[in-house]
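Engineer: Okay, sequence plus prediction incoming.
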Amino acid sequence: MKALLKSCTAIALACSFSGQAVAQVKEIGAGEGQVNIIAWPGYIERGETDKNYDWVSDFEKASGCKVNVKTAATSDEMVALMNEGGFDLVTASGDASLRLVAGKRVQPINTELVKSWSTVDDRLKDAPWFTVDGQHYGVPYQWGPNVLMYNTNVFKEAPKSWNVVFEAMDLPDGKPNKGRVQAYDGPIHIADAANYLMAHKPDLGIKDPYELNEDQYKAALDLLRVQRTLAGRYWHDAMIQVDDFKNEGVVASGSWPFQVNLLKSEKQPIASTIPEEGATGWADTTMMHVEAANPNCAYMWLEHSLNPKLQGDLASWFGSNPAVPAACKGNALLTDEGCKTNGFEDFAKIKFWKTPVSKCASQNDQCVPYYRWVSDYIGVIGGR
Amino acid sequence: MSVQAVTGTSDVTAILPRRGGFAGSLSDLLWRRPGLLLFVMLAPPLLWLGVVYIGSLIALLAQSFFSIDEFSGLISRELTLKTYGDLFQPANLDIIIRTVTMAAMVTLASAVVAFPIAYYAARYARGKWKALFYLGVMLPLWSSYLVKVYAWKLILAKEGILTWLFAKLHLSWLLDSWLSLPVVGGNSLSVSFTGTFIVFVYVWLPFMILPIQAALERVPGNLVEASSDLGASPGQTFRNVLFPLALPGIVAGSIFTFSLTLGDYIIPQIIGTSRLFIGQAVYAQQGTAGNIPLAAAFTVVPIVIMGFYLWGAKRMGAFDAL
């Protein structure tokens, strides 16, 4: 057993060293004929669901690189697939990207080879969820806020604060909010509670909702315990939440623009807002595997992924925001209002998802790491 | 008389010359050593069972003796029982108790619902009615599990058909008072343990009906008649004759319903209060948290519980009714 473990460790070490040895690509050569991408569902469309949404076919024709997509439903699945290997690119969210960098599964990108790099939103160019020690480990793809979705029959005006989902109260229609609100069924939701406390209990000294020391963390959990008494169910699957707003009498919940747009398109009395406390959000980055077998095609895709037409179409399709501001204007599918609807101007109010680690700048490296977020959030939902 | 003498006197030899060639000598070898033949035949399936099946399971379980480093979140590969200590923290213990209680309730309810159906099918249904019975029991198994669960979500929803039905029957007070109970209640049926329970019973019921029916068909009808001839009331006949003889079937069915409920992680995710069950805890720990040791420790729980369960079931003769 011990010998087996030793050899496993040796292999693991060897792998990690070989990972380091890979240098940045210096120039783009001829395409290899294909590129393998791990992506969120709906992120790479070739017109099969709706022929208006196709940003793959033209790329394939122009570059000669066939695009093979493997969709993944969670960040963890993405990390697992990248660890397995065999892929060139991944559209990783902030709660996966740093794990991939730390695990040495992705390589730094030579931004000089991505011609459109200069068109990337300045607010994203050096974002900490993919920039480590000045190296860019990917190219921004899309981002979006976790908005507060509400029922307009109950809320005649948009709720001003997240308190409608965190504290027991009567909603504007005179009935209590108990059983009529929801929250996200993922440990990262603790950051939403911390974000709320940041505004309402400044004496806790929370600087960053993803960097919480023991006391701040405990306060956030206490707040979530109150929320447990209010929320009948936690949402996990976007379609289940949509159903709950239609059939379960749920009237307010943290959500994604995707669900809001879907419910609106079905003529439901739904709207969304970013309350005064600000909100958490996600930002996805296209990252390249250290052992990418098709680096040339991968670089071609990275360049293509910043195409304003693609960015605008995707933002319209997914309810997200483009990483390239130019995409906000003149896109037929997104329309000129689209970016504003999806929260493009609220960037400053958004605290983007990142993996909580114990080594944190704002609390003297005394932060509660992510694995405890997971077990404690399970406890809170279980009523502990 | 020697062999040479026999062969010498006859044209037909008793010992044929070797056919030669690889196939021939292989065939000779296998014939001479039946043990070898058995080994060659059994080795692939045993390897499959041993390496792929049991081996991977052991590799998984070995993980539970590792632990996660508190600070870095990395897995430390030193043998320790710390993870099992974590497993018995109150929050995790809640998950185990919740799951086992649910599995036990689902099993009991399935048995109660399945028995009359199986009894009818075994005793009274004949010909096309029997075919219809099999179709009725099996039909739900043909459609996708997910479709059924989502359908139930709509049926049980606050604005769903069941609530509507209760309102039409002027029984809303009954539903409301049930939902206002602690633990089993909730905002609506689909957001309560009652809902989870109903769907579990629905989904696993066929696995209970079929073994009970098999057991009941083996109970000789004259035993039941003899019992009533001797003056037993129907209740006494059921308690003293029918039930003990059908018990192996019930226990066999309960193995399915109990273990399937113990491991399921889809139903409680779609219908219920979001409080975790063991399957979901494993999923969350290995996926989201990257805490594979704890996930492995969680998988040990149903294995141990089922180990005891099967041991008890074997003593009750359940495996004769499978």
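Structural biologist: Okay, I see it. This one's a predicted model, so the numbers in the text were calculated from it and none came from an experiment. Residues are numbered from 1 along each chain as shown, chains lettered A, B, ... in the order given.
Engineer: any idea how far the closest residue to residue B:183 other than its chain neighbours lies from chain A?
Structural biologist: In space, and not counting its chain neighbours, residue B:183 is closest to residue B:193: 6.5 Å by CB to CB, 6 or more residues apart in numbering or on different chains. In this view, the C-beta of every residue, glycine as well, is placed from N, C-alpha and C. Distance of residue B:193 to chain A, computed by CB to the nearest CB, to the nearest Å: 12 Å.
Engineer: which residues does residue B:193 contact?
Structural biologist: B:102, B:183-184, B:186, B:272-273 (CB atoms under 8 Å, 6 or more residues apart in numbering or on different chains).
Engineer: Which members of these define the maximum pairwise distance?
Structural biologist: B:102 and B:186 (14.4 Å; CB to CB).
Engineer: Helices of the stretch 101-250 of chain A, start to end?
Structural biologist: Along the stretch 101-250 of chain A, the segments classed as helices by DSSP state H, counting those that start in this stretch run A:122-125, A:163-166, A:190-200, A:214-230, A:238-247.
Engineer: Dihedrals phi and psi, the residue nearest to residue A:257 when sequence neighbours are not counted?
Structural biologist: Among residues not flanking residue A:257 along the chain, residue A:319 sits closest, at 3.5 Å (CB to CB, 6+ apart). Backbone torsions for residue A:319, taken as degrees, to the nearest 10, come to phi 70, psi 30.
Engineer: what's across from the most centrally placed residue in chain A in the sheet?
Structural biologist: Nearest to the geometric centre of chain A sits residue A:282, at 3.0 Å (CA atoms, centre = their mean). For residue A:282, the beta-bridge partners under DSSP bridges are residue A:144.
Engineer: OK, contacts around it?
Structural biologist: A:93-95, A:143-144, A:146, A:352-353.
Engineer: got the residue ranges for the strands in chain B?
Structural biologist: Here chain B has its strands, by DSSP state E, at B:67-68, B:75-76.
Engineer: Just say which of these is most tucked in.
Structural biologist: strand B:67-68 (a mean of 23; mean count of other CB atoms under 10 Å in any protein chain shown).
Engineer: helices and strands around that strand, which ones?
Structural biologist: Counting contacts by 3 or more CB pairs under 8 Å, 6 or more residues apart in numbering or on different chains; DSSP states H and E, strand B:67-68 packs against strand B:75-76, helix B:82-87, helix B:292-315.
Engineer: As CSV, these with distance to chain A would be great.
Structural biologist: What follows is these, written out as CSV (distance: least, CB to the nearest CB, whole Å):
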stretch, distance to chain A
strand B:75-76, 10
helix B:82-87, 8
helix B:292-315, 8
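Engineer: Looking at the ones you listed, spot the one closest to residue B:25.
Structural biologist: Judging these by CB to CB, what sits closest to residue B:25 is helix B:292-315, at 46.0 Å.
Engineer: packing partners for that closest one?
Structural biologist: On a contact count with 3+ CB pairs under 8 Å, 6+ apart, helix B:292-315 meets helix B:56-63, strand B:67-68, helix B:82-87, helix B:90-123, helix B:243-263, helix B:278-283.
Engineer: List the buried residues in that helix.
Structural biologist: Using 16 or more other CB atoms under 10 Å in any protein chain shown as the test for burial, helix B:292-315 gives B:292-299, B:301-302, B:305-306, B:309, B:313.
Engineer: next one: it to chain centre, how far?
Structural biologist: How far helix B:292-315 lies from its chain's middle: 12 Å, per CA atoms, centre = their mean, to the nearest Å.
Engineer: Equivalent analysis for stretch B:102-117, please.
Structural biologist: So, by CA atoms, centre = their mean, the centroid of stretch B:102-117 is 14 Å from its chain's centroid.
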